[in-house]
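> No letters, just coordinates:
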Ligand SMILES: Nc1ncnc2c1ncn2[C@@H]1O[C@H](COP(=O)(O)OP(=O)(O)OP(=O)(O)O)[C@@H](O)[C@H]1O
């Protein structure tokens, strides 16, 4: 079964029967196979699946950073000319070491030709929102890993993209910092209602953040199941202690654990 939006709604992201085949020394390798996903405007969709199932490949294809072997992916443009279709946040801190924190955040706006005063105002606004205002003039080597990832996230948001694509953005952080950033992401998303596709290895994170959790099969990555997460918003880390949260997690884990086992057997 494909993941589709309700009848009548125009999807913000429409991925239809998408496949990605890599040519390797061992022949063709199907990384993603006939995968479809529609994401509505303002929806937060998390994608989970066993390691190597094609999650990052799929995200890169949405971002236009990888070739689509078959099928199609479309992002619906908004009404504002010049607004980028997408911005990507990766696990690695993709920030420039030679630029200050504020210039890193303003970088996308600079690329779009936004005047210096305006782009610095926007960058300052976003830095203040995540408590980094007083680090604006610092260089990346002078701030912690958690701060660097905040910089990556607000740099993407400052661009005001149509969709935000996040590939395991909190994966490199220690457990406490990860919780703090999950709360910040929840707060920011609940205010901005950006359309987000979020890849994570953490089922807890997927259930906490997502409106929907999409489960992919072990390689080749196909659509296995969609779970609607009906937990009320606003959510916080306390949401993870509620019985409904635990139910959702258990239901998804039942299916995911089978795929993880299958992926491990494939690799033996
Ligand atoms: N450029 C490439 N050339 C050949 N194979 C590739 C390439 N990029 C990815 N792959 C393979 O495609 C499959 C899917 O990789 P991908 O990184 O998308 O998986 P993933 O689900 O994001 O993995 P993880 O959860 O471990 O990050 C893997 O078997 C990987 O080795």
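Right, received. Where do you want to start? Everything numeric here is computed off the predicted structure, so don't read it as measured data.
> where does the chain come near the ligand, residue by residue?
22, 24, 29, 31, 49, 51-57, 201, 219 (CB under 6 Å from any ligand atom). Backbone N, C-alpha and C define where each C-beta goes, glycine included.
> I'd like these as a markdown table, with neighbour count, secondary structure and pLDDT appended.
Shown next, in a markdown table, are the residues of the chain next to the ligand (neighbours: other CB atoms under 10 Å; DSSP: H, G, I helix; E, B strand; the rest coil; pLDDT from 0 to 100):
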| residue | neighbour count | secondary structure | pLDDT |
| --- | --- | --- | --- |
| 22 | 14 | strand | 97 |
| 24 | 9 | strand | 94 |
| 29 | 13 | strand | 95 |
| 31 | 22 | strand | 97 |
| 49 | 25 | coil | 96 |
| 51 | 12 | coil | 93 |
| 52 | 15 | coil | 93 |
| 53 | 26 | coil | 94 |
| 54 | 27 | coil | 96 |
| 55 | 24 | helix | 97 |
| 56 | 19 | helix | 96 |
| 57 | 19 | helix | 97 |
| 201 | 14 | coil | 93 |
| 219 | 23 | coil | 92 |
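> What is the most widely separated pair among those?
Across the residues of the chain next to the ligand, the longest distance by CB to CB is 23.8 Å; it joins 24 and 201.
> residue boundaries of the helices in this protein?
Using DSSP state H, the helices assigned to the chain run over residues 55-63, 101-105, 107-111, 116-129, 145-158, 175-192, 203-209, 243-266.
> circling back to that earlier point, turn the residues of the chain next to the ligand into a markdown table, columns for distance to residue 243.
A markdown table is the format used below for the residues of the chain next to the ligand (distance: CB to CB, whole Å):
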| residue | distance to residue 243 |
| --- | --- |
| 22 | 43 |
| 24 | 46 |
| 29 | 42 |
| 31 | 37 |
| 49 | 26 |
| 51 | 30 |
| 52 | 33 |
| 53 | 29 |
| 54 | 33 |
| 55 | 29 |
| 56 | 33 |
| 57 | 36 |
| 201 | 24 |
| 219 | 34 |
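> closest to residue 70 among those?
Minimum distance to residue 70 across those is 12.0 Å, recorded for residue 31 (CB to CB).
> and the closest one, what is it in contact with?
Residues near residue 31 by CB atoms under 8 Å, 6 or more residues apart in numbering: 20-22, 54, 57, 219-221.
> quick one on the thing from earlier: mean neighbour count, the helices of the chain: which tops it?
Highest mean neighbour count of those: helix 101-105, a mean of 25 (counted as mean count of other CB atoms under 10 Å).
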